[in-house]
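S.K.: This is a predicted model, with the sequence first.
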Amino acid sequence: MFFSKMLIPTLREAPSDADNVSAKLMIRAGMIRKLGSGLYEILPLGLRLLRKVEKIIREEMNKAGGQEISLPLIFPKDLWVETGRWDVYGKELFRLKDRKMAEFCLAPTAEEAITDLVRKNINSYKNLPLMLYQFGTKFRDEIRPRFGVMRSREFLMKDAYSFHTDEADLEKYYKVMVDAYTNICKRCGFNFRIVEAASGAIGGSFSHEFMILADTGEEEIVWCNCGYGANSEKAQCLEYENSKENPADMEEVFTPDIGSVEDVAKFLKESPDKIIKTLIYTADSKPIAVLVRGGCEINTVKLQTLLGANEVLLADEKTVISVTNSPVGFAGPVNLKNIQIIADLSVLSIINAVVGANKKDFHLKNVNFKRDFNADIIADIRNVKEGDICPRCKKEKLKFSRGIEIGHTFKLGDKYSKSMNAVYLDTDGKEKFIIMGCYGIGVTRILAAIIEQSHDENGIIWTDTVTPFEVVIVPINYEDTKTKESVDKIYKELKSFDIDVLIDDRAERAGIKFKDADLIGIPYRITVGEKNLALGKVELKFRKDAKDKVKFLSLQETVDEIKSVFKQK
Ligand code: ATP
Ligand code: MG
């Protein structure tokens, strides 16, 4: 392949709206172009990269026993009404109408379509288990498209769905898929962690995210040397140790215009850990009181899951006043009537706590759980925070890192088969719901994630496994006969070994070609110039090595060295 014949529009500067390293570098290296917010054109180099990632994923899916299919990108509304997701998915779903005014959506994920396919074509336990997967464009009207193809509105995903007779079979297969995803991450060269995750709009009982460690990641993950890992929004929180104090008598204190935890703590000269925040929420419009230790935050996803509610929101001022008979800032659990009280585990151990008095400008001191107030539900409903102990080993402090989610695996159970009545006949002749798992991985996002992990000031550094070309040959002057002969010879030999080679045949200065090779990030560069050729040598440079670290080798040695790198291909 000749550089001069390809559409590789490299740029010296990234456009000003490119908002992270990978977006900047992919645009500068001529791999993608922006068409509109969250919409990208994939250019030849970009597509070659996607195909490489696809190949790795396809191999792993086939190894896991999957069969590749292709579903439509437009889905009829009816299927989505059956599962209730036409409403639940909200504004992220792109909706459209046909000429007869029938309603459709553009695929953001395909549980409905695949469940429909399976319910119509699988009848018996004899046809299970089954795993089907596809590579398909997905559409999501993201509230904030950003970071190039990392969070775009149209992207390529591999989605897989597995179907089982029972939970035990799903459990067994789920492990196979986690292994397959682990292999994909390893083969892409990722430094990654598998973490427990919240299941979000896809739902189900249990899910894991595959997180690429990168300071620029949108997600926060917590982990421990014992092997525990979780998305911080899902991480389990433990009860705190009891403080060692004797309970004192409750007393009312005057706190004029002082409502926030920090202000109350300062005013009463207490640690925020001594304060119990009482927050009034509405769960599907019904007010509830939620208690958490000052300095901790309520996790609304946990709260929502606990209550099985569709929507949990902080209550407005009017509701707070009507529930507590006081302005915002003075709510407390003592004598709070006619409302469900939900206490986070963090409040149980506080001895002599400070709480709002449900009375303007007053708080209560020396308040103690059980003696002075009670809760209807006690549960883990807060966000994990620095200093918290690992919930698994219960010894070490959790560590916090930033991550990029590239894959998500879910145990769906009967969530979709129940609502869509996808059943099979079991060995006992009885109809049962098919048990499902689903497994998504972002092909386009993987490219961005590799770049976030692997780049330097000169550009991208691709791995041997994911790269648009494995070798770039840079002739100093391709017009020179001897140079051309040598370049063509190396090219032919490497191609015969199935290695992807780009010849930079452009009539540009060597410096410009080197800059572009570094920017594009091809792992091996062979420079062929008249001076070295006179000595029977060419120059071999590894992209990941320092600028001046080059090897002078004969043509054959160069070819042999590169062949040895790719011999496992
Ligand atoms: P996020 O939390 O980042 O929005 P998600 O939980 O919505 O991700 P899933 O529905 O689990 O994502 O989709 C599976 C995979 O698809 C993700 O792990 C990610 O790699 C990819 N993906 C999701 N949304 C986008 C997007 N807007 N742009 C590019 N890739 C995406
Ligand atoms: Mg999302």
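M.R.: That came through fine. Ligands and ions are numbered 1, 2, ... in the order given.

S.K.: Asn358 looks like it's in a helix, true?
M.R.: No - using DSSP: H, G, I helix; E, B strand; the rest coil, the secondary structure at Asn358 is coil, not a helix.

S.K.: Who are the contact partners of it?
M.R.: 324-326, 330-332, 334-336 (C-beta atoms under 8 Å, 6 or more residues apart in numbering). For the C-beta atoms, the positions are set from N, CA and C on the backbone; glycine is no exception.

S.K.: what does the chain have sitting close to ligand 1?
M.R.: Within the chain, the positions near ligand 1 by C-beta under 6 Å from any ligand atom are 109, 140, 142, 151-152, 155, 157, 200, 202, 405-408, 440-442, 444-445.

S.K.: Which of these fall in strands?
M.R.: 155, 157, 405-408, 440-442 (DSSP state E).

S.K.: Ligand 1: which of those residues is nearest?
M.R.: Gly442 (2.3 Å; C-beta to the nearest ligand atom).

S.K.: dump the residue contacts of the closest one.
M.R.: When contacts are counted by C-beta under 8 Å, 6+ apart, Gly442 touches 155-157, 406-407.

S.K.: Domains in this protein, by residue range?
M.R.: Taking automatic domain parsing as the domain assignment, the ranges for the chain are 16-236+400-451, 251-379, 469-568.

S.K.: ok, and for the helix or strand where Lys492 lies, which residues are buried?
M.R.: Assessed by DSSP states H and E, Lys492 sits inside helix 481-496. For helix 481-496, a neighbour-count test (16 or more other C-beta atoms under 10 Å) marks 483-484, 486-487, 490-491, 493-494 as buried.

S.K.: Of those, which is the nearest to ligand 1?
M.R.: Ranked by distance to ligand 1 (C-beta to the nearest ligand atom), these are led by Leu494 at 32.8 Å.

S.K.: doesn't Thr182 make contact with Glu60?
M.R.: No - under the criterion of C-beta atoms under 8 Å, Glu60 makes no contact with Thr182, lying 9.2 Å away.

S.K.: Tell me what Phe206 is bridged to.
M.R.: Beta-bridge partners recorded for Phe206 (DSSP bridges): Lys411.

S.K.: Glu60 and Thr182 - which one has more neighbours?
M.R.: Taking other C-beta atoms under 10 Å, Glu60 and Thr182 do not tie; Glu60 has more neighbours (20 against 16).

S.K.: check contacts around the closest residue in space to that one that isn't next to it in sequence.
M.R.: Ranked by C-beta to C-beta, 6 or more residues apart in numbering and with sequence neighbours excluded, the top spatial neighbour of Glu60 is Ala180, at 4.4 Å. By C-beta under 8 Å, 6+ apart, Ala180 lies in contact with 60-61, 63-64.

S.K.: repeat for Asp249
M.R.: Contact analysis of Asp249 by C-beta under 8 Å, 6+ apart lists Asn366.

S.K.: which SS class is it?
M.R.: Per three-state DSSP, the secondary structure class of Asp249 is coil.

S.K.: roughly how far apart are it and Arg146?
M.R.: Asp249 sits 55 Å away from Arg146, going by C-beta to C-beta, to the nearest Å.

S.K.: Dump the domains of the chain to JSON lines, plus mean pLDDT.
M.R.: Converted to JSON lines, the domains of the chain look like this (pLDDT from 0 to 100):
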{"stretch": "domain 16-236+400-451", "mean pLDDT": "96"}
{"stretch": "domain 251-379", "mean pLDDT": "94"}
{"stretch": "domain 469-568", "mean pLDDT": "96"}
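
S.K.: can you put these in JSON lines and add distance to Lys394?
M.R.: What follows is the domains of the chain, written out as JSON lines (distance: least, C-beta to C-beta, whole Å):
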{"stretch": "domain 16-236+400-451", "distance to Lys394": "9"}
{"stretch": "domain 251-379", "distance to Lys394": "14"}
{"stretch": "domain 469-568", "distance to Lys394": "41"}
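
S.K.: Ok, which of these comes nearest Asn458?
M.R.: Closest to Asn458 of these, according to C-beta to C-beta: domain 469-568, at 4.0 Å.

S.K.: thinking again about what came up before, which of the contacts of Asn358 count as buried?
M.R.: With neighbours counted by 16+ other C-beta under 10 Å, the contacts of Asn358 contain buried members at 324, 326, 330-332, 334, 336.

S.K.: of all those residues, which comes closest to Gly36?
M.R.: Of all the buried ones among the contacts of Asn358, Gly36 sits closest to Ala331, with 46.1 Å by C-beta to C-beta.

S.K.: What are the phi and psi values at the closest one?
M.R.: phi -80, psi 150 (degrees, to the nearest 10).

S.K.: and what of Gly229?
M.R.: Taking degrees, to the nearest 10, you get phi -150, psi 140 for the backbone angles of Gly229.

S.K.: Can you read off the pLDDT for Gln242?
M.R.: Actually, residue 242 is Asn rather than Gln. pLDDT recorded at Asn242 is 76.

S.K.: which residues of the stretch 251-400 of the chain fall in strands?
M.R.: 251-254, 276-283, 286-293, 312-314, 340-344, 353-356, 362-367, 377-379, 399-413 (DSSP state E, counting those that start in this stretch).

S.K.: Identify each buried residue in the third one, please.
M.R.: Which is strand 286-293. When burial is assessed from 16+ other C-beta under 10 Å, strand 286-293 yields the following buried residues: 287-293.

S.K.: Same list, the residues you listed, but as JSON lines with distance to Leu93 please.
M.R.: Formatted as JSON lines, the buried residues of strand 286-293 follow (distance: C-beta to C-beta, whole Å):
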{"residue": "Pro287", "distance to Leu93": "30"}
{"residue": "Ile288", "distance to Leu93": "29"}
{"residue": "Ala289", "distance to Leu93": "34"}
{"residue": "Val290", "distance to Leu93": "30"}
{"residue": "Leu291", "distance to Leu93": "36"}
{"residue": "Val292", "distance to Leu93": "33"}
{"residue": "Arg293", "distance to Leu93": "38"}
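
S.K.: if I pick the nearest residue to Leu540 once chain neighbours are set aside, what's in contact with it?
M.R.: Residue nearest to Leu540 in three dimensions, not counting chain neighbours: Lys551, with 4.5 Å by C-beta to C-beta, 6+ apart. With contact taken as C-beta under 8 Å, 6+ apart, Lys551 is in contact with 539-541, 561.

S.K.: packing partners for the one helix or strand Ser417 maps to?
M.R.: Here Ser417, judged by DSSP H and E, is contained in helix 415-419. Under the contact criterion of 3 or more C-beta pairs under 8 Å, 6 or more residues apart in numbering; DSSP states H and E, helix 415-419 touches helix 77-83, helix 111-121, strand 435-442.

S.K.: Pick the one among the buried residues of strand 286-293 closest to Arg506.
M.R.: Val292 (62.6 Å).

S.K.: I'd like to know how far the closest one sits from Val347.
M.R.: 6 Å.

S.K.: Give me the common contacts of these two.
M.R.: In contact with both Val292 and Val347: Ile276, using C-beta under 8 Å, 6+ apart.

S.K.: any idea whether Tyr424 is helix, strand or coil?
M.R.: Assigned by three-state DSSP, the conformation of Tyr424 is strand.

S.K.: In contact with it, which residues?
M.R.: Neighbour list for Tyr424: 122-125, 127-128, 165, 431-432, 434 [criterion: C-beta under 8 Å, 6+ apart].

S.K.: May I see those residues organised as JSON lines, with neighbour count and secondary structure added?
M.R.: Shown next, in JSON lines, are the contacts of Tyr424 (neighbours: other C-beta atoms under 10 Å; DSSP: H, G, I helix; E, B strand; the rest coil):
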{"residue": "Ile122", "neighbour count": "18", "secondary structure": "coil"}
{"residue": "Asn123", "neighbour count": "12", "secondary structure": "coil"}
{"residue": "Ser124", "neighbour count": "11", "secondary structure": "strand"}
{"residue": "Tyr125", "neighbour count": "17", "secondary structure": "helix"}
{"residue": "Asn127", "neighbour count": "14", "secondary structure": "helix"}
{"residue": "Leu128", "neighbour count": "18", "secondary structure": "coil"}
{"residue": "Thr165", "neighbour count": "20", "secondary structure": "coil"}
{"residue": "Glu431", "neighbour count": "10", "secondary structure": "strand"}
{"residue": "Lys432", "neighbour count": "15", "secondary structure": "strand"}
{"residue": "Ile434", "neighbour count": "28", "secondary structure": "coil"}
